[in-house]
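Asker: predicted model and sequence follow; I will ask about them next.
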Amino acid sequence: MAYYCLISLMILLNSSTFCYGYTELELLLKLKASLAGPQRIALEDWKQSSSPTSHCSFSGVSCDINSRVISLNISYVPLYGSIPPEIGQFSQLKTLVLAATNLTGNLPPQVANLTSLQVLNISNNNISGDFPSIKMIQLQVLDVYNNNFSGPLPKEPANLKKLKHLSLGGNYFSGGIPSQYSQLQGLEYLGLNGNSLSGKLPSSLSLLSNLQFLYVGYFNTFEGGIPTEWALLRSLRVLDASSCNLSGTIPSTLSHLNELEKLYLQRNNFTGHIPTELGSLPTLDALDLSDNSLTGTIPASFSQLKNLELLNLFSNKMDGPIPELPTIKKLNLWDNNFNGHLPENLGKNWKLEWVDVADNQIKGPIPKHLCKGGKLQGLILYGNSFSGPIPDELGACKSLVRVRLSTNSLNGSIPPGILNLPMANIIEISHNNLTGELPLFTFTSADSLATLDLSNNSITGSIPPYIQNFVRLQKLFLGSNKLSGNVPDELFSLKNISVINVKQNNIHGVIPKSIGNCSSLMTLDLSNNNLGGRIPDEISNLRILSSLNLSENHFVGEIPTEMKNMISLVTLDLSYNNFSGKIPTDGQFSFFKADSFTGNPNLCSPFQSTCASAAVTSSVPGSQIGTFKTILFTCKLYFIFLYSS
């Protein structure tokens, strides 16, 4: 019996685990009190218990066979406190993960007492101060990404010979990169991005023969360029040196990195040409050299890249033709001087998801295979010289989200189905040579389309009643076409519409009273049409309308006095119509200048004692009528002035 009692006592002592006078259960409760902070609502299952092993069932806690805590993994829990010094008393702890938990305060120096620790991850918190001395020789992962640490980068990690993952990015570390980091021969991941580092990139990092991931970009401001010695990083899979003030040319020796999958050098000051040698990288799948000052052409050798899926070269000074890119998924070349045609086979790989070549000098037809794989989401070609018709195949591309083909030389009619794209939120085909009527819309509702811009073409026909089916439409631009017919009631049933522009067409009839239902309308431009009748009183219901242009039409009658209460109206143009009566002066009208009303011969100044109106009948267009009547009206006032004087 005594033997069994002794064994029981030993188990009890082992499982209770006294540390500096506290059991591990008591330490965990102290840890909870500090981590949870003043709100004290987190870790609710961490409770006092008479069971010596109860702490091993706490959420985020793992124990060994002796009920000693070996892992604390508490991530994405809304904590509001700080890490207490007692953390250093968990002598058997191997894993400490407190990621994305809103922690503040400092990292206590007692963490150095965790000599068995292999993983330390306190990323995505608000921990600040200088980084404490780290001497845990078993440490393999040190991740403090996205906190508020400051001061120089710590040199102590260079002594952690087992370290494989070192992430110090997203903080406020300053100064240079310690050359001692080149001693970490087992390092596979080095993240120093998003700090305030300066100086030159150390060429000695080329000694890290096992390094696979290197991040040094964003908010750092280095001097010079990429060391040519980095070509020795033969295990490197990702090199990200984006937005960190690098200059010079891109080293051709980077072509020696045969394992390289992703090369990100965007938003720097690189000059010169893209090295042709980069076309020999066998595993490269993403290349971003955008927003630099690169010149020259895309190397023809890029057509040999068998894994390239992302190519970003936008905002440079490049020119020349675009080579075949047989495996490309996302192609962003906007804001350059590329010319020639888009590759005819673009999209034939069934992978293409995004094409943005806006603001170049590309000509020729739009390739018809762009959506062959049914994955194309963005087609952004504006500001080029594309010609010919829009391929009918695009009208069947149900995956499209953005279609921006404006300012080209496209002709023909709008393909059937282009307005039926179920995912599209932007369709812009303005400033082309399109003809024909708006294609038939077959869906009963459209939940995605927010912007439709077909302005500055030669589109005929009328505004169809089915316009009401675009229930999410916010901006409609149909101006500068050859549209005719009336303004349909259905146009003003759109509850989300904020901009309607149908200026410079041949639309006639009156403004429907249903305009008062457009509670979201901010801009309305019906100028330079053949509209007539009176402005409906219901227009005063548009409480957020800021711009109204009804100029160069045939509107008659008095200006509704209710419009004085439209306090959001800052731009008003009623010029060159046939309005009569006095110009209102109260409310918002006190801010409008005289040119808002010019060209209306029967409109009277609010300061005239009498106001005579005359019927106007003429076959002269409305704009010329207004001009002619203005001259007569001015002469009449002049003679009255001479007679009275």
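Answerer: Right, received. Where do you want to start?
Asker: only C-alpha atoms for contact and neighbour calcs from this point on.
Answerer: Fine.
Asker: which residue, neighbours along the chain excluded, lies closest to Ser252?
Answerer: Pro275 (5.3 Å; CA to CA, 6 or more residues apart in numbering).
Asker: ok, now which ones touch the residue lying closest to Thr598 once chain neighbours are set aside?
Answerer: Counting by CA to CA, 6+ apart, Thr598 lies nearest to Ser575, which is 4.9 Å off, once chain neighbours are set aside. Residues near Ser575 by CA atoms under 8 Å, 6 or more residues apart in numbering: 550-552, 595-600.
Asker: same check on Val355?
Answerer: Val355 neighbours (CA under 8 Å, 6+ apart): 330-332, 378-381.
Asker: quick revisit: just the buried residues out of the contacts of Ser575, in PyMOL syntax.
Answerer: Buried members of these, defined by 16 or more other CA atoms under 10 Å, are picked up in PyMOL with:
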select buried, resi 550+551+552+596+597+598+599+600
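Asker: hmm, back to that, name the member of the contacts of Val355 with the most neighbours.
Answerer: Of all those, Leu381 has the most neighbours under the rule other CA atoms under 10 Å, reaching 24 neighbours.
Asker: test my guess that it contacts Ser406.
Answerer: Yes: with contact defined as CA atoms under 8 Å, Leu381 reaches Ser406; the gap is 7.3 Å.
Asker: phi first, then psi, for the residue lying closest to Gln588 once chain neighbours are set aside.
Answerer: Closest residue in space to Gln588, ignoring its immediate chain neighbours: Lys564 at 4.9 Å, by CA to CA, 6+ apart. Main-chain dihedrals, Lys564, degrees, to the nearest 10: phi -60, psi -20.
Asker: could you count how many residues lie near Lys564?
Answerer: Neighbours of Lys564 (other CA under 10 Å): 17.
Asker: what sits against it?
Answerer: 584-589.
Asker: Pro488 too?
Answerer: Here Pro488 is in contact with 463-465, 512 (criterion: CA under 8 Å, 6+ apart).
Asker: look at the residue lying closest to Ile467 once chain neighbours are set aside and report its pLDDT.
Answerer: Closest residue in space to Ile467, ignoring its immediate chain neighbours: Leu491 at 6.2 Å, by CA to CA, 6+ apart. Leu491 is assigned 94 on the pLDDT scale.
Asker: would you mind measuring from Leu491 to Leu419?
Answerer: Leu491 sits 16 Å away from Leu419, going by CA to CA, to the nearest Å.
Asker: measure stretch 587-597 end to end?
Answerer: 16 Å.
Asker: let me know the average pLDDT across that stretch.
Answerer: On average, stretch 587-597 scores 91.
Asker: any idea how many residues pack against Leu35?
Answerer: Neighbour tally, Leu35, other CA under 10 Å: 25.
Asker: show the contacting residues for it.
Answerer: 79-84, 103.
Asker: so what does the residue nearest to it when sequence neighbours are not counted have for phi and psi?
Answerer: Closest residue to Leu35 in three dimensions, ignoring its sequence neighbours and counting by CA to CA, 6+ apart: Gly81, at 4.4 Å. Phi and psi for Gly81, reported as degrees, to the nearest 10, are phi -110, psi -140.
Asker: can I assume Gly81 is in contact with Ser34?
Answerer: Yes: contact between Gly81 and Ser34 holds when scored by CA under 8 Å: they sit 5.5 Å apart.
Asker: helix/strand/coil for the residue nearest to Ile467?
Answerer: helix (DSSP: H, G, I helix; E, B strand; the rest coil).
Asker: pLDDT below threshold where in the protein?
Answerer: 1-21, 39, 442-446, 609, 612-645 (pLDDT under 70).
Asker: all helices for it, in order.
Answerer: 2-16, 24-36, 622-644 (DSSP state H).
Asker: tally of neighbours for the residue nearest to Leu308 when sequence neighbours are not counted?
Answerer: Sequence neighbours aside, Asp285 is the residue nearest to Leu308 in space, at 3.8 Å (criterion: CA to CA, 6+ apart). Residues contacting Asp285 under the criterion other CA under 10 Å number 20.
Asker: now do Glu562
Answerer: Counted with other CA under 10 Å, Glu562 comes out at 15.
Asker: that one and Ile535 touch, don't they?
Answerer: No: judged on CA under 8 Å, Glu562 makes no contact with Ile535 at a distance of 10.9 Å.
Asker: quick one on the thing from earlier: list the contacts of the residue nearest to Ile467.
Answerer: 465, 467-468.
Asker: now for the closest residue in space to Leu211 that isn't next to it in sequence: which residues touch it?
Answerer: Residue nearest to Leu211 in three dimensions, not counting chain neighbours: Glu188, with 4.0 Å by CA to CA, 6+ apart. With contact taken as CA under 8 Å, 6+ apart, Glu188 is in contact with 164-165, 210-213.
Asker: re earlier: can you lay out the contacts of Ser575 as JSON lines showing distance to Ile134?
Answerer: Formatted as JSON lines, these follow (distance: CA to CA, whole Å):
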{"residue": "Leu550", "distance to Ile134": "73"}
{"residue": "Ser551", "distance to Ile134": "74"}
{"residue": "Glu552", "distance to Ile134": "77"}
{"residue": "Asp595", "distance to Ile134": "74"}
{"residue": "Ser596", "distance to Ile134": "73"}
{"residue": "Phe597", "distance to Ile134": "77"}
{"residue": "Thr598", "distance to Ile134": "78"}
{"residue": "Gly599", "distance to Ile134": "81"}
{"residue": "Asn600", "distance to Ile134": "82"}
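Asker: just the contacts of Ser575 now: which is nearest Ile427?
Answerer: Leu550 (25.8 Å; CA to CA).
Asker: report the spatially nearest residue to that closest one, omitting neighbours in sequence.
Answerer: Per CA to CA, 6+ apart, closest to Leu550 is Ser527, 4.6 Å.
Asker: list the contacts for the one you found?
Answerer: 502-504, 549-553.
Asker: what about those, which are in strands?
Answerer: Those of these mapping onto strands are Asn549, per DSSP state E.
Asker: want to throw the contacts of Ser527 into a markdown table with distance to Leu96?
Answerer: Listed next are the contacts of Ser527 as a markdown table, based on distance: CA to CA, whole Å:
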| residue | distance to Leu96 |
| --- | --- |
| Val502 | 63 |
| Lys503 | 65 |
| Gln504 | 68 |
| Asn549 | 65 |
| Leu550 | 68 |
| Ser551 | 70 |
| Glu552 | 73 |
| Asn553 | 74 |
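Asker: ok, of the contacts of Ser527, which one's closest to Ser303?
Answerer: Val502 (45.3 Å).
Asker: ok, that closest one touching Leu478?
Answerer: Yes: counting by CA under 8 Å, Val502 does reach Leu478; the two are 4.7 Å apart.
Asker: neighbour count: those two, which is higher?
Answerer: Between Val502 and Leu478, Val502 has the larger neighbour count (other CA under 10 Å), namely 25 against 22.
Asker: how many neighbouring residues does the closest residue in space to that one that isn't next to it in sequence have?
Answerer: Using CA to CA, 6+ apart and skipping the chain neighbours, the partner closest in space to Val502 is Gly479 (4.0 Å). A count of neighbours around Gly479, defined by other CA under 10 Å, yields 26.
Asker: next, Gly479: phi, psi?
Answerer: phi -70, psi 160.
Asker: wait, it sits on Asn506?
Answerer: No: counting by CA under 8 Å, no contact exists between Gly479 and Asn506, whose distance comes to 10.2 Å.
Asker: what's the residue nearest to Ser252 sitting at in phi/psi?
Answerer: phi -60, psi 130.
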